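1. need a 3D model of the sequence below.
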Amino acid sequence: MNNKNNLIVPFLILGLSIIIGVFIFVSAWKSNQSANQTITVTGSAKKEIVSDLGFLRGTLMVQAASPEYAFRELNRQKPVLLNYLKNKGFPSDKVEFFTMNNYPVYEIGSQGYSTGRIIAYVYNQRMQISSEDVNKIKEISLDIASLVEQGINFNVEMPEYHYTKLAELKIEIQAEAAKDAMVRAQKIAEATGRDLGPMRTARMGVLQITPKFSNVISDYGINDLSSIEKEIIGVVNASFEIE
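-> Below is the predicted model:
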């Protein structure tokens with residue numbers, strides 16, 4: 001009888017240990033399962049911006065029968081262009097000229113191939129102006145083609161409009177997108193009777209800088225330079241624990 005009583009205590013201890021172990025295991029398993037339950041949402045933020053720096057580029061081009069005449073004619077046209085820009089508020093020291101280029105023009109035969117005979121020479125020179133007054137850049141881009149009335153052959157390019165504070169704005173827009181993601185996750189968790197836990201992961205999407213009211217997007221991002229008024233859109237994909 002005493003031997004049986006002596007065995008009861010160890011068995012009770014063993015049984016109690018097993019129960020405690022199972023309880024700990026189940027609690028840890030539930031905790032782990034809860035931690036593994038996440039919700040993934042996409043947050044976005046949009047802000048309107050106005051370009052604060054504009055560029056206008058174009059090329060003076062002359063074609064003539066001899067290289068000497070083409071060179072002289074190009075140099076004749078440059079002062080006319082500079083005078084036009086000066087009257088628009090751009091003195092000569094604000095006009096940047098690039099290296100002058102030249103090349104021969106070959107005769108094309110009836111079969112569509114070059115005959116090797118030079119029939120003309122082309123001389124051209126590219127120039128650039130820039131200004132923080134983007135509306136002035138736009139105005140000149142629309143009017144400069146009128147130089148043809150003075151015998152000036154100027155090929156104008158599309159103006160570019162930049163926003164110089166983009167680096168600071170990127171941080172701000174991405175932070176706002178992350179906040180939006182958290183708000184969306186919170187509402188989903190509340191709707192299902194759960195509590196929102198800490199953020200597990202976050203991935204910043206590419207920025208979309210588009211003309212105002214545009215709905216064009218790209219997987220690789222967009223950096224519009226064609227419009228003065230723009231919209232910048234940031235996206236964040238975030239995962240949160242739910243409890």
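2. contacts for stretch 110-126?
-> By Cβ atoms under 8 Å, 6 or more residues apart in numbering, the list of residues contacting stretch 110-126 from outside reads 57-67, 70-71, 73-74, 78, 97-109. Bear in mind the C-beta positions are built from the backbone N, C-alpha and C, glycine included.
3. where do the helices of the chain begin and end?
-> With DSSP state H as the criterion, the chain has helices at 2-36, 67-87, 134-143, 166-191.
4. mean pLDDT lowest where, among the ones you listed?
-> Sorting the helices of the chain by mean pLDDT places helix 2-36 lowest, at a mean of 55.
5. how many other residues sit next to the spatially closest residue to residue 108 that is not a sequence neighbour?
-> Leaving aside its chain neighbours, residue 108 sits nearest to residue 114 (6.0 Å; criterion: Cβ to Cβ, 6 or more residues apart in numbering). Taking other Cβ atoms under 10 Å as the neighbour definition, residue 114 ends up with a count of 11.
6. same thing with the one 5 residues further on?
-> In terms of burial, residue 119 registers 12 neighbours under the definition other Cβ under 10 Å.
7. roughly how far does it sit from residue 109?
-> Look at residue 119 and residue 109: by Cβ to Cβ, to the nearest Å, they are 12 Å apart.
8. and residue 142, by the same measure?
-> Taken as Cβ to Cβ, the span from residue 142 to residue 109 is 41 Å.
9. and for residue 51?
-> 49 Å.
10. and residue 83, by the same measure?
-> Applying Cβ to Cβ to residue 83 and residue 109 gives a distance of 42 Å.
11. report the beta-bridge partners for residue 239.
-> Using DSSP bridges, the bridge partners assigned to residue 239 are residue 40, residue 201.
12. try residue 124
-> residue 61, residue 101.
13. ok, now which ones touch the residue nearest to residue 229 when sequence neighbours are not counted?
-> Distance criterion Cβ to Cβ, 6+ apart; nearest residue to residue 229, sequence neighbours excluded, is residue 212 at 4.3 Å. By Cβ under 8 Å, 6+ apart, the contact list for residue 212 reads 48, 227, 229-231.
14. and the furthest pair within those residues?
-> Spanning the widest gap among the contacts of residue 212 are 48 and 227, at 11.4 Å by Cβ to Cβ.
15. higher neighbour count, those two?
-> Neighbours were counted for residue 48 and for residue 227 using other Cβ under 10 Å; residue 227 has more, 18 against 10.
16. look up phi and psi at the more buried one.
-> phi -120, psi 150 (degrees, to the nearest 10).
17. gap between the residue nearest to residue 211 when sequence neighbours are not counted and residue 51?
-> Take residue 211 and drop its neighbours on the chain: the residue closest to it by Cβ to Cβ, 6+ apart is residue 227, 3.8 Å away. Using Cβ to Cβ, we find residue 227 at a distance of 8 Å from residue 51.
18. do residue 189 as well
-> Residue 189 is 41 Å from residue 51, by Cβ to Cβ.
19. residue contacts, residue 233?
-> 44-46, 173, 207-210, 217.
20. do that again at 6 Å, thanks
-> The neighbours of residue 233, taking Cβ atoms under 6 Å, 6 or more residues apart in numbering as the test, are 46, 208.
21. for it, which residues make a bridge with it?
-> Under the criterion used here (DSSP bridges), residue 233 is bridged to residue 46, residue 208.
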